[in-house]
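Novice: Pasted the sequence and its predicted model underneath.
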Amino acid sequence: MSDRLMLLDTASLYFRAFYGVPDKVKADDGTSVNAVRGLLDMIAKLVATYEPTRLVACWDDDWRPAWRVALIPTYKAHRVVETGEAAPDTEEVPAALTAQIPLIRETLDSLGIPVVGAADHEADDVIGTLAARAEGPVDIVTGDRDLFQLVDDARGIRVIYTARGMSNLEVIDDAAVRSRYGIDADQYADFAALRGDPSDGLPGVAGIGEKSAAALLAACGDLDGIRSAAAEGTAGTPAQRAKILAAADYLDVAPTVVRVARDLDLPAVDDRIAVDDRRAAAAAALADRWNLGSSVTRAVAALRG
């Protein structure tokens, strides 16, 4: 089997599991375990389907980094329930999910799946760095289209997109990005900055939607080219040029917010998939203690190949 790295956007997956798996089965103490069970079932399916040899659970050590907020104060602001001074802001997360997050980490550890995060950075930045560092093909599992910017056929980097559910996984490669948006994957960050994204609190350039952004990128190549052409009076329509010039302050900072980091100093981890008898027994004991049932069995079976 050829070497293949799979990078999980872990929070994206456990949120989907929490909302997608009915909260019927609980631990003996009444703790909900639907997110844990759902995440395990996702991992089992992903590993069985795409056959990675290495696997990392990428983590949001800071889901809303202060340096991004300093550049665009609206960044993810609608999800904040409490502002932190010496710690990251508190995200709006259901209490029943919050209670499961330590167990998610413990379960991943029992299966030998390393959890990797970075201070002051999001899982997206960890994914960007690990993908950039990888020497072989990479599958990025996420429901976040921002990570389309990492797609690179030449390096074998693709996104396994979960937005339509685990029964309708989509493999996003260069052709898929072009089919969806009419742009190349390496233009996606500039495209997102222009278009904006209400789900992340990114305003975009007023009056520039997906079609306009794609057309401008097709004509000018990148955001710097669009801004230069707008200043020279050669980009798009007069109305579009006026809108781009009026958004100068936003466009000065938006690319830094939208682009994922690719050069973080991350710890070395053993990401090889290797569930021996000792790990399988530890996972089974955890399953018994928390009533995780067949979800652990399926995950172990998939990881053992």
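Specialist: Okay, I see it. Worth saying up front: this structure is predicted, and the values here are computed from it rather than measured.

Novice: drop to CA atoms for contacts and neighbour counts, all remaining ones
Specialist: Will do.

Novice: And for the strand or helix carrying Ala281, what's in contact with it?
Specialist: Assigned by DSSP states H and E, Ala281 belongs to helix 277-290. If you take Cα atoms under 8 Å, 6 or more residues apart in numbering as the criterion, helix 277-290 is touched by 26-28, 33, 107, 110-112, 292-293, 296-297, 300.

Novice: Mind picking the two most distant members of the residues you listed?
Specialist: Asp28 and Gly112 (25.1 Å; Cα to Cα).

Novice: The two: which has the busier surroundings?
Specialist: Gly112 (22 against 11; other Cα atoms under 10 Å).

Novice: need the contact list for the more buried one.
Specialist: Gly112 touches 271, 273-275, 279, counting by Cα under 8 Å, 6+ apart.

Novice: wait, which of these is closest to Leu169?
Specialist: Of these, the one sitting nearest to Leu169 (Cα to Cα) turns out to be Ile273, at 22.0 Å.

Novice: residues in contact with the closest one?
Specialist: 53-55, 112-113, 303-304.

Novice: swap in Phe18?
Specialist: Contact analysis of Phe18 by Cα under 8 Å, 6+ apart lists 34-36, 38, 97.

Novice: what ranges of the chain fall below the confidence cut-off?
Specialist: Scanning the chain for pLDDT under 70 picks out 1, 84-87.

Novice: Mind doing that once more with 90?
Specialist: 1-2, 25, 78-92, 235, 305 (pLDDT under 90).

Novice: quick one, strands of the stretch 51-200 of the chain?
Specialist: In the stretch 51-200 of the chain, the segments counted as strands under DSSP state E, counting those that start in this stretch are 54-58, 80-82, 90-91, 115-116, 138-142, 157-161, 170-172.

Novice: so what does the fourth one touch, helix or strand wise?
Specialist: Using 3 or more Cα pairs under 8 Å, 6 or more residues apart in numbering; DSSP states H and E as the contact criterion, the secondary-structure elements in contact with strand 115-116 are strand 54-58, helix 101-110.
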